[in-house]
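> 3D, please:
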Amino acid sequence: MRNILYHRSLLYLCNTYTQFMRKSFYSIVTMVLFLVSCSQKSTDKVSSTINFPKGFTQTLVLGTETSANKQGSFEEMSYVHFQLDEVTADSTFVFTGKVTRMQYKSDIFGEKESLDTEVIQSLNSTKRLSATELEMYNDIKQYLDKEFTLTLDKYGNIIKEAQFKGDDSYLYDTSFVDQYTPVPLAFPKEKLAVGTTWDFNTENPLIASQKIKYVYTVDDITEDRIFVDVEMTIDGFAGMLKKNKAKGIYEIDRKTKRFIKGERTMNIQTGGGKAIYKIYEL
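You can find the predicted model right below:
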């Protein structure tokens, strides 16, 4: 009898151990497969040309903000609406754009200022603005909803810079809208795949002597999105600022190359903290 109980107990222990090992094995295999699948990047190659449909419209919000700066902080945002007017036979894209809203708030050295053109227009009053805020509003109000045109090639390069519409266009400073484009990065001619890297060189729209270099690298391609790492290097200025870098990632529609959202972060050289540049569709 004891032998039978002993053998049954031994058999039970063996079965239990076998089941435990089997479950452990399955758990390990499942975990390994999960980690492998997470680490794998797409091998897809996709066209690098923009492909906006007829009648395409989009509003992009472009903003800059600082955080944890000893001298204070500020935040500004511009809302820019774009409409595709024409796609020519040689695949250039003609857009109409307009700045529909601007927001600004700052707390520099303890002096607080804020401005929201939408609020001012809805109230139809500037009485609540300080003298400085009123001066700022008077400088920008003429540009609100003032239409301008610009032309891009099929890779997103600006081939005809922004020009305001209307007989009075000569009265408007185009540098106000030079930085705005429905394609915030220009694509290379080669197809896009994970690891594709390309450069884009430009200059500060406000300070032409200050050169800016962008390095883009495709990080991943999913069924409907392209993720692009971006590194921006901006030259120093007049002995006051050293060369600086900003890094971030952009998210783009795979088929059309519509910009979805993106962000770059840069360390501030004076006063510490960070500057964050954001773009996203409304």
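> Can you classify residue 138 by secondary structure?
helix (DSSP: H, G, I helix; E, B strand; the rest coil).
> now swap in residue 120 and tell me
Secondary structure assignment for residue 120 (three-state DSSP): helix.
> got the contact list for it?
For residue 120, the contacting residues are 126, 129, 137, taking CB atoms under 8 Å, 6 or more residues apart in numbering as the criterion. Backbone N, C-alpha and C define where each C-beta goes, glycine included.
> So which residues of the stretch 1-150 of the chain form helices?
Taking DSSP state H, counting those that start in this stretch to define them, one finds helices in the stretch 1-150 of the chain at 2-39, 117-123, 131-140.
> quick revisit: which of the contacts of residue 120 count as buried?
Those of the contacts of residue 120 that meet the buried threshold are 129, 137, by 16 or more other CB atoms under 10 Å.
> show me the contacts for the nearest residue in space to residue 47 that is not next to it in sequence.
Across the structure, with CB to CB, 6 or more residues apart in numbering as the measure, the residue nearest residue 47 apart from its sequence neighbours is residue 191 (6.3 Å). Counting by CB under 8 Å, 6+ apart, residue 191 makes contact with 45, 46, 47, 48.
> likewise residue 67?
For residue 67, counting by CB under 8 Å, 6+ apart, the contacting residues are 73, 273, 274, 276.
> any idea which of the residues you listed is closest to residue 195?
The shortest gap between residue 195 and any of these belongs to residue 276, at 26.5 Å (CB to CB).
> got a list of what the closest one touches?
64, 65, 66, 67, 263, 264, 265, 266.
> now those in JSON lines, with distance to residue 172 and pLDDT?
Formatted as JSON lines, the contacts of residue 276 follow (distance: CB to CB, whole Å; pLDDT from 0 to 100):
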{"residue": "64", "distance to residue 172": "23", "pLDDT": "94"}
{"residue": "65", "distance to residue 172": "27", "pLDDT": "93"}
{"residue": "66", "distance to residue 172": "29", "pLDDT": "88"}
{"residue": "67", "distance to residue 172": "33", "pLDDT": "80"}
{"residue": "263", "distance to residue 172": "30", "pLDDT": "96"}
{"residue": "264", "distance to residue 172": "28", "pLDDT": "97"}
{"residue": "265", "distance to residue 172": "33", "pLDDT": "95"}
{"residue": "266", "distance to residue 172": "30", "pLDDT": "93"}
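> which one of those is nearest residue 217?
Of all these, the one with the least separation from residue 217 (CB to CB) is residue 264, at 13.7 Å.
> Can you tell me the element the closest one falls in?
Using DSSP states H and E, the element containing residue 264 is strand 259-267.
> now for that strand, which elements pack on it?
With contacts defined as 3 or more CB pairs under 8 Å, 6 or more residues apart in numbering; DSSP states H and E, strand 259-267 has these neighbours: strand 225-234, strand 244-253, strand 274-281.
> Kindly state which of those is positioned closest to residue 164.
For residue 164, the closest of those is strand 274-281, at 22.5 Å, according to CB to CB.
> any idea how far that closest one is from the chain center?
Mean-position distance between strand 274-281 and its chain equals 6 Å (CA atoms, centre = their mean, to the nearest Å).
> mind listing what's buried in stretch 99-117?
Under the neighbour-count criterion of 16+ other CB under 10 Å, stretch 99-117 has 99, 101, 102, 103, 104, 106, 107, 115, 117 buried.
> Where does pLDDT dip in the chain?
Scanning the chain for pLDDT under 70 picks out 1-39, 205-206, 239-240.
> Swap in 50 and give it another go.
Across the chain, the stretches falling below the confidence threshold (pLDDT under 50) are 1-14, 16-18, 20, 32, 34, 36.
> now the contacts of residue 67 in a markdown table, with distance to residue 245?
Formatted as a markdown table, those follow (distance: CB to CB, whole Å):
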| residue | distance to residue 245 |
| --- | --- |
| 73 | 21 |
| 273 | 16 |
| 274 | 12 |
| 276 | 14 |
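> Please list only the buried members of the residues you listed.
For the contacts of residue 67, a neighbour count by 16+ other CB under 10 Å gives the buried set as 73, 273, 276.
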